[in-house]
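1. what would the 3D arrangement of this be:
(one chain, ligands or ions: 1)
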Amino acid sequence: MDLFVVERYGGDEQESQSDTHNTKTSHLERLLSKIENKKQQAAQLAKDEEERKQRKERKKQKLKTIKHEKPSVDKKKSIKTQRQEKKSKFNKESSLEVGGKFTVLGSDSLGSKKVKVKAQLPYWLANPSVVSVDLKNLTVTVDDIPQLNRDLIEKLKQNGIVNFFPVQHQVIPWLLEAQSKPPQFWPRDICVSAPTGSGKTFAFVLPIIQALRNRLIPHIRALVVLPVQELATQVYKVFLDYIGVTTLKAVCITGKESFQQEQSQLVRYSEADGKFHSCVDIVVTTPGRLVDHLQSTVGFSLCHLKYLVIDEADRVMESMQNDWLYHLDRHISSDNSRRVPPLTIRDISTRHPPPQKLLFSATLSQDPEKLQQLGLFQPRLFTSVINGTTPEESSSSEFIGKFTTPAELTELWVACELAVKPLYLYDLLTEGSWNTVLVFTNTTEGVHRLAILLKHMFKDKKSVSEVSSALQPKQRTKIFECFASGTINVLVCSDALARGIDVPNIDCVISYDAPKFIKNYIHRVGRTGRAGRNGTAITLVENRQMKKFENMLSQAGKQSMVKEKEVDPSKFEAFEDDYKSALTALKTELEREEEVRKQIRKKPKKYLQFKKKNLQSVSKPSATLTNLKTMSKKLKQLAKEKKI
Ligand SMILES: Nc1ncnc2c1ncn2[C@@H]1O[C@H](COP(=O)(O)OP(=O)(O)OP(=O)(O)O)[C@@H](O)[C@H]1O
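-> So this is what the prediction gives:
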C-alpha cells in the first residue's frame, strides 16, 4: 500500500501550518530575482543603445575623412600599386589576346611613371673633333702649317711664338682649307669650345688675315662680335699687330669714341660717284654698337661679309642686346639673298657665298635650341674634353667638354667662417708667394669695401687696387696695365671682368665670394694658368654655401678636380689687431665718401644737371674717395667758370 500513496489536498489549514514560512521566502526571492532580471535587461538595453550610437558616430567620422582628407602617402602608394597591378594584368591579358607579340598602344602608359627621355644631341654636337688641353708638350711648330703665309709665320716668330697650341693647329688648317674651295662650295660654320687661355684668338685672327690679305678694294669682309668693350679692344689689338704685314684695315667700334668719329672710320663719301665706300676690311665690335651703326650709318654695308666671328659666343647669345642677331640677319639678307641655294649656273657665278660663322667660347652653350638661333650652316664642333673622355665614351645626350679648365691650373677651395672671412683672405695672400693676385667678389660695392680693407691691412707691404664697372674704361685700362706690369699686387674686381681678359702672369685667382654659377667659376679661374703657364685658383666657401658649391661642381663633373685646402684659423690671432684698426679705417672712409656724395646731392637742380652732363660717375657708389674729391673740385671749378 505504501507504494500507492496519493498526496491529497489537506485544506488551507494544513498548508498554512507546514509551509507558511517557506512560501513567503520563496515568493520574495522570486520577486527579487524578477527585479534583478529587469535591471539587467535595462542595463543591456542601455549598453546596446550606447554601442549603436558609437557605431553611428564612427561611420560619420569615416565618411568625413573620405570626403575631406587626402589619403596618406602609404595608402596612396598602395592604391597606386594596386591600380598598376590591375593595369599590368589587363595589359598582359590584352597582349595575350593579340598573340602576346604586340603591345596595345595607349593602354600601358596611364598611371605608370614615365621614364625620363634623354635628350638626343644633333650629330655634329655629339660627334665633335676633340682638341687636346695639353699646352706643355707641343709638337706642331709655326712652320708646320704650309698654307699659312710666310709673313704671318715670321710675325709669330717675332712675337716669340714657336709652336701652335692644339686648338690652333686643328682649327687654322681647317679654315684655310675651307677658303681654298671654289665659291660654289659654301664653307661650313664652326663652333670651338676650348679652355680659357688656350689661344682661341689666333685660331680665327690668322686665317681671316690670310684670306683677306690679297683683296683689292676694301669692303667689310670680317665682323668680329664680342660681349664687352675691353674684350673687343683686346682682340682688335691682336688684329692690328698681325695686319701690319698686309694692307688690310681694321677698326674697333665699341663706343669709346664718338659716333661720328666711328662713322668716319667706317665709311667715306665719294664726290666722284656720289656713293659711300667702306674704309675698312675688319670690324671688331660689341652687339649694341653694331646695331646702332646698322641702323644709323649710311653706307655701312655687309654685302661682302665673308666671316662672322662671335667670340665668347654663349655670353653674346645670352645678352642678345638690342636683338642684334635679328638686325644683323636682316641686314645681311637684304644685301644678299644668302641662305637660299643657287638655282642656276648663272646664279652660282653671280652670288657671294654666305658669311662663314665662327663661334668661340670656353663655356659654349650645349643647348641646340640656342645654337639654332644662329642658323648655322652644316656646323662642325671642335671641343676639348674633361680627363681624357672620348666622344665614344660619352653618351650622345651629353655634350662633352662643356666646362674644361686648363691642365696647368691647380684648383682649390677653402672652408671658411663668414665672421672672419677677410682674415682667411689676408692669410692666403700673405702665406702664398704670389706676386699678382686677382680677387673676385660678387658685387661692385663688395669690390670697393674689400679693396679699402686690404689696403689698410697691407699698408706698404703690398699694393692693392680695385677695378669694377663703376670706373671709366680709361681708368680700368690703366689699372690693368699696372697690374700686368706688377706694380699692383692685389687687384680686387667683380665678375664684369671675369671673361676673356688676358693679363699675362697672374699667379693666383681668389674667389672671395664663391661664384653662383659654373660658367662664372670657369671664367674666373681661367684668368690664371693661361697659355701653358702654371696657376692657382682658390675659392673661399662659407659653411652655409658648401652644399651648393659641391653640387655646382659635381653637376659640371669637376668635383674631383677641385681639392680642399686646410687653413688653420688659430693663426689669425697674429693679425687680429691690424684687422680691427683696418675695420675702423674702412668705416670712417665710407662715411667720408657718403658725406661727399650727400654734399653733391644737396646742390640745386641746375647744378645737378650740369654735374650729370659733365661728370656722370660722381654719384656711382663705388667711386673712390680720391676720385670723388677731385671730381667735386673739378665740378666746382667748372661751375664757377660757367657761373652756375
Ligand atoms: N701658340 C702660342 N704660343 C704661346 N702663346 C700663345 C700662343 N697662342 C696664344 N698665346 C697667348 O696665350 C694667351 C691667351 O690667348 P687667348 O686670349 O687667345 O686665349 P683664349 O682661349 O681666347 O682665352 P679666353 O677663353 O680666356 O678668352 C695670349 O696672351 C696669347 O698671346
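
2. so is stretch 467-487 next to the ligand?
-> No: Stretch 467-487 stays clear of the ligand (CB under 6 Å from any ligand atom), getting no nearer than 10.4 Å. Backbone N, C-alpha and C define where each C-beta goes, glycine included.

3. how about that stretch: buried residues?
-> Of all the residues in stretch 467-487, those buried under the rule 16 or more other CB atoms under 10 Å are 467, 468, 469, 470, 471, 476, 477, 479, 480, 483, 484.

4. tell me the confidence at the fifth one?
-> Right, the one you point to is residue 471. Looking at residue 471, its pLDDT reads 82.

5. what secondary structure does it sit in?
-> For residue 471, the assignment made with DSSP: H, G, I helix; E, B strand; the rest coil gives coil.

6. now do the SS call for residue 308.
-> Per three-state DSSP, residue 308 ends up strand.

7. tell me the first helix or strand C-terminal of the least confident helix or strand in the chain by mean pLDDT.
-> For the chain, using mean pLDDT, DSSP states H and E, the weakest element among its helices and strands is helix 73-97, scoring a mean of 58. Next helix or strand after helix 73-97 toward the C-terminus (DSSP states H and E): helix 123-126.

8. ok, whichever residue of the stretch 201-350 of the chain sits closest to the ligand to residue 332 distance?
-> Using CB to the nearest ligand atom, the single residue of the stretch 201-350 of the chain nearest to the ligand is residue 201, 3.2 Å away. Taking CB to CB, to the nearest Å as the measure, residue 201 falls 24 Å from residue 332.

9. excluding its backbone neighbours, what's nearest residue 578?
-> Take residue 578 and drop its neighbours on the chain: the residue closest to it by CB to CB, 6 or more residues apart in numbering is residue 457, 5.4 Å away.

10. which secondary structure element is home to the one you found?
-> helix 444-458.

11. list the contacts of that helix.
-> Residues outside helix 444-458 that contact it (CB atoms under 8 Å, 6 or more residues apart in numbering) are 422, 425-426, 429, 439, 441, 462, 464-470, 490, 492-494, 496, 512-513, 575, 578-579, 581-583, 585-586, 589-590, 621-622, 624.

12. PyMOL command for the buried members of those?
-> In PyMOL, this line selects whichever of the contacts of helix 444-458 come out buried by 16+ other CB under 10 Å:
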select buried, resi 422+425+426+429+439+441+462+464+465+466+467+468+469+470+490+492+493+494+496+512+513+579+582+586+589+622+624
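
13. show me where the stretch 501-644 of the chain has its strands.
-> 508-511, 535-542, 562-564 (DSSP state E, counting those that start in this stretch).

14. C-alpha coordinates for the helix holding residue 457, PDB please?
-> What follows is helix 444-458, C-alpha atoms only, in PDB (Å, rounded to 0.1, in the frame of the first residue of the first chain):
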ATOM      1  CA  THR A 444      80.600  96.200 -57.100                       C
ATOM      2  CA  GLU A 445      80.100  97.500 -53.600                       C
ATOM      3  CA  GLY A 446      81.900  94.500 -52.200                       C
ATOM      4  CA  VAL A 447      84.900  95.200 -54.500                       C
ATOM      5  CA  HIS A 448      85.200  98.700 -53.100                       C
ATOM      6  CA  ARG A 449      84.900  97.700 -49.400                       C
ATOM      7  CA  LEU A 450      87.300  94.800 -49.700                       C
ATOM      8  CA  ALA A 451      89.900  96.900 -51.500                       C
ATOM      9  CA  ILE A 452      89.800  99.600 -48.800                       C
ATOM     10  CA  LEU A 453      90.100  96.900 -46.100                       C
ATOM     11  CA  LEU A 454      93.000  95.200 -47.700                       C
ATOM     12  CA  LYS A 455      94.800  98.500 -48.400                       C
ATOM     13  CA  HIS A 456      94.600  99.300 -44.700                       C
ATOM     14  CA  MET A 457      95.700  95.800 -43.600                       C
ATOM     15  CA  PHE A 458      98.700  95.600 -46.000                       C
END
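
15. please begin residue numbering at 2 from this point
-> OK, 2 is where the count begins now, so the last one is helix 445-459.

16. in it, what's buried?
-> Buried residues in helix 445-459, counting neighbours by 16+ other CB under 10 Å, are found at 445, 447-459.

17. tell me the average confidence for stretch 195-202?
-> Averaged across stretch 195-202, the pLDDT comes to 92.

18. C-alpha coordinates for that stretch, CSV please?
-> Presented in CSV, the C-alpha positions along stretch 195-202 are these (Å, rounded to 0.1, in the frame of the first residue of the first chain):
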residue,chain,number,x,y,z
ALA,A,195,88.3,75.2,-75.6
PRO,A,196,89.6,76.1,-72.1
THR,A,197,90.4,79.7,-71.1
GLY,A,198,93.8,80.9,-72.3
SER,A,199,94.2,78.1,-74.9
GLY,A,200,94.8,80.6,-77.7
LYS,A,201,91.4,80.7,-79.4
THR,A,202,92.0,84.3,-80.6
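
19. residue boundaries of the strands in the stretch 202-351 of the chain?
-> Secondary structure of the stretch 202-351 of the chain (DSSP E, counting those that start in this stretch): strands located at 223-226, 251-254, 268-271, 276-279, 283-286, 308-312.

20. please identify the most buried of those strands.
-> Among the strands of the stretch 202-351 of the chain, the stretch with the highest mean neighbour count (mean count of other CB atoms under 10 Å) is strand 283-286, at a mean of 26.

21. can you list the strands that it pairs with?
-> strand 223-226 (parallel), strand 251-254 (parallel) (DSSP bridges).

22. give me the contact list for the first one.
-> The list of residues contacting strand 223-226 from outside it, by CB under 8 Å, 6+ apart, reads 205, 209, 213, 233, 236, 240, 282-288, 291, 303, 306-312, 317, 325, 356.

23. over to stretch 140-159?
-> When contacts are defined by CB under 8 Å, 6+ apart, stretch 140-159 is touched by residues 162-165, 170, 173-174, 177-178, 181, 207, 210-211, 214, 242-243, 245-247.

24. of these, grab the buried ones for PyMOL.
-> One line in PyMOL is enough to select the buried members of the contacts of stretch 140-159, burial here meaning 16+ other CB under 10 Å:
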select buried, resi 162+164+165+170+173+174+177+207+210+211+214+243+246+247
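
25. go back to the contacts of stretch 140-159 and keep what's next to the ligand.
-> Among those, the ligand is touched by 162, 164, 165 when using CB under 6 Å from any ligand atom.

26. so which bits of this structure are right by the ligand?
-> Residues of the chain lying close to the ligand by CB under 6 Å from any ligand atom are 162, 164-166, 169, 195, 197-203, 363, 501, 503, 505, 527, 531-532.

27. just the buried residues of those.
-> Judged by 16+ other CB under 10 Å, buried ones among the residues of the chain next to the ligand: 162, 164-166, 169, 195, 197-203, 363, 501, 503, 527, 531.

28. just give me the neighbour total for residue 414.
-> Using other CB atoms under 10 Å as the criterion, residue 414 is surrounded by 20 other residues.

29. please apply the same query to residue 296.
-> By other CB under 10 Å, the residues close to residue 296 number 11.

30. now swap in residue 204 and tell me
-> If you count neighbours by other CB under 10 Å, residue 204 ends up with 28.

31. pLDDT score assigned to the nearest residue to it once chain neighbours are set aside?
-> Counting by CB to CB, 6+ apart, residue 172 is the residue found nearest to residue 204 once chain neighbours are left out, at 4.2 Å. Residue 172 carries a pLDDT value of 95.

32. just to revisit the earlier point, TSV for the strands paired with strand 283-286, including mean pLDDT and distance to residue 138?
-> Listed next are the strands paired with strand 283-286 as TSV, based on pLDDT from 0 to 100; distance: least, CB to CB, whole Å:
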stretch	mean pLDDT	distance to residue 138
strand 223-226	95	31
strand 251-254	95	34
